[in-house]
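S.K.: Test case, fold it:
(2 chains)
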Amino acid sequence: AQRVTQPEKLLSVFKGAPVELKCNYSYSGSPELFWYVQYSRQRLQLLLRHISRESIKGFTADLNKGETSFHLKKPFAQEEDSAMYYCALGAGSYQLTFGKGTKLSVIP
Amino acid sequence: DTAVSQTPKYLVTQMGNDKSIKCEQNLGHDTMYWYKQDSKKFLKIMFSYNNKELIINETVPNRFSPKSPDKAHLNLHINSLELGDSAVYFCASSPWTGSGNTIYFGEGSWLTVV
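M.R.: Numbering: from 1, shown residues only, chains lettered A, B, ... in the order given. Now for the predicted structure:
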């Protein structure tokens, strides 16, 4: 069975500090990994997916199959980055499996 | 606007009532979903429909009944509401069924059962 673990429920960083939101997954096959973001009382939206290898809003995430991780990183946090972040795994099934989410709080 | 839209956005109701949440997408997607986000912000799939056909039905009480009149609509009806049903319900859609698919979410419907 597939599983996504986000070990931190809450992460607080100062503005301008680096951010790393951790995500580990469990799946024996070839995974598809995503990061979704939910700003306060707004809809959940796709932030990035590992296939695209893109950088959105300064965030990047690299799939590390050896460590089964897909950590989300940003070198310099901004106040507007404060939100809930969900790591999600698409694993050959019909739906995404979401982690429990990490609340990022950027302190001015 | 092309989007996934759901109504109502806020719903406060008493235990035992029956309520519906409507969802529509104008993205031309084949697949629609209902997700539940509980008080701990944990997001879990409830149902998935592909072209009006039910393809995922997770362990959800049968008080919850989805209805898809066409592939652009997926409504959620809840009978005999309980306190534990209080949550945010997200409708979503994707172009097709399967992994590697970007899912587009509605804004959520905040349900409070009192």
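S.K.: How many residues are close by residue 90?
M.R.: Defaulting to chain A. Neighbour count of A:Gly90, defined by other Cβ atoms under 10 Å in any protein chain shown: 24. Any C-beta I mention is one placed from the backbone N, CA and C, and that applies to glycine too.
S.K.: ah, no, chain B please
M.R.: If we define neighbours as other Cβ under 10 Å, then B:Phe90 has 26 of them.
S.K.: Now do it against A:Val4, distance only.
M.R.: Distance, B:Phe90 to A:Val4, using Cβ to Cβ, to the nearest Å: 17 Å.
S.K.: And B:Tyr89, by the same measure?
M.R.: With Cβ to Cβ as the criterion, B:Tyr89 and A:Val4 are 21 Å apart.
S.K.: now B:Trp110
M.R.: 25 Å.
S.K.: So for these two, which sits in the more crowded spot?
M.R.: Shown here are B:Trp110 and A:Val4; by other Cβ under 10 Å, A:Val4 has more neighbours (23 against 16).
S.K.: Looking at strand pairing, list the partners for that one.
M.R.: A:Tyr25 (DSSP bridges).
S.K.: which ones are touching it?
M.R.: A:Cys23, A:Asn24, A:Tyr25, A:Ser26, A:Cys87, A:Ala88, A:Leu89, A:Thr97, A:Phe98, A:Gly99 (Cβ atoms under 8 Å, 6 or more residues apart in numbering or on different chains).
S.K.: Please repeat the previous calculation with a cut-off of 10 Å.
M.R.: A:23-27, A:31, A:33-34, A:70, A:86-89, A:91, A:96-100 (Cβ atoms under 10 Å, 6 or more residues apart in numbering or on different chains).
S.K.: which of those count as buried?
M.R.: A:23-25, A:27, A:31, A:33-34, A:70, A:86-89, A:91, A:96-100 (16 or more other Cβ atoms under 10 Å in any protein chain shown).
S.K.: Tell me the buried residues in the lowest-mean-pLDDT helix or strand in chain B?
M.R.: Taking mean pLDDT, DSSP states H and E as the measure, strand B:53-57 is the helix or strand of chain B with the lowest mean score, a mean of 81. Of all the residues in strand B:53-57, those buried under the rule 16+ other Cβ under 10 Å are B:Ile56.
S.K.: quick one: strands adjacent to that strand?
M.R.: strand B:43-50 (antiparallel).
S.K.: Just the mean pLDDT for the partner strand, thanks.
M.R.: In this model, strand B:43-50 has a mean pLDDT of 87.
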